[in-house]
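> Sequence and predicted structure, then a few things I'm wondering about:
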Amino acid sequence: MTCPVPQDSHCLCEQDFPFGHFLNCRYSALDEVPEFLDSAGEVFREVTLAFNKIRELPARGFAKLTMKCLDLSNNKIDTISSQAFDGIGDSLEELVLDVEQMFTFPSQLFQSLANLKT
């Protein structure tokens, strides 16, 4: 498995047998979403960017990855593009997201996430 992250991102790809692959960017001092490389059809059980300093979720920031769960908890997110999750809607089943208390979500943000489980 090739890990679809830049060398300087401090992220690690891990095999969590028997559950699948895990892309771990926890506690990596990230202040933005890394520029992920194409995951080449590899499906990650979870991609986590928890416990960083990420403030913005850019348009299609995760589109090169295929994942079941995306954990963005414990960041400082205050800006989310309405196309932030475009490209991952077919596979994403779980989204963990913390935002500031008075945050207003873009109206179209969740339209492409048809497979989210409640």
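Arrived safely, thanks for sending. Numbering: from 1, shown residues only.
> What ranges in this protein fall below the confidence cut-off?
Scanning the chain for pLDDT under 70 picks out 1, 17, 101-102, 118.
> Spatially central residue for it, please.
With distances taken as CA atoms, centre = their mean, the residue of the chain nearest its centroid is residue 70 (4.4 Å).
> and that residue, how far is that from residue 94?
Distance from residue 70 to residue 94, counting by CB to CB, to the nearest Å: 7 Å. Every residue, glycine included, has its C-beta placed from N, CA and C.
> same thing with residue 72?
Relative to residue 94, and taking CB to CB, residue 72 is found at 11 Å.
> neighbour count winner among those two?
residue 72 (22 against 14; other CB atoms under 10 Å).
> Surely the more buried one touches residue 55?
No. In this structure, residue 72 is not within contact of residue 55 by CB atoms under 8 Å, at 11.3 Å.
> Name the residues contacting each of those two.
Shared contacts of residue 72 and residue 55, defined by CB atoms under 8 Å, 6 or more residues apart in numbering, are absent.
> quick one, strands of this structure?
Ranges of strands in the chain, per DSSP state E, are 12-16, 20-24, 43-48, 56-57, 66-72, 79-80, 94-97.
> and those strands as JSON lines, adding distance to residue 109?
Compiled in JSON lines, the strands of the chain are given as follows (distance: least, CB to CB, whole Å):
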{"stretch": "strand 12-16", "distance to residue 109": "27"}
{"stretch": "strand 20-24", "distance to residue 109": "22"}
{"stretch": "strand 43-48", "distance to residue 109": "18"}
{"stretch": "strand 56-57", "distance to residue 109": "9"}
{"stretch": "strand 66-72", "distance to residue 109": "13"}
{"stretch": "strand 79-80", "distance to residue 109": "6"}
{"stretch": "strand 94-97", "distance to residue 109": "10"}
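> who wins for proximity to residue 31 among those strands?
strand 56-57 (9.2 Å; CB to CB).
> in its sheet, what does the closest one sit against?
Strand 56-57 sits in its sheet next to strand 79-80 (parallel), going by DSSP bridges.
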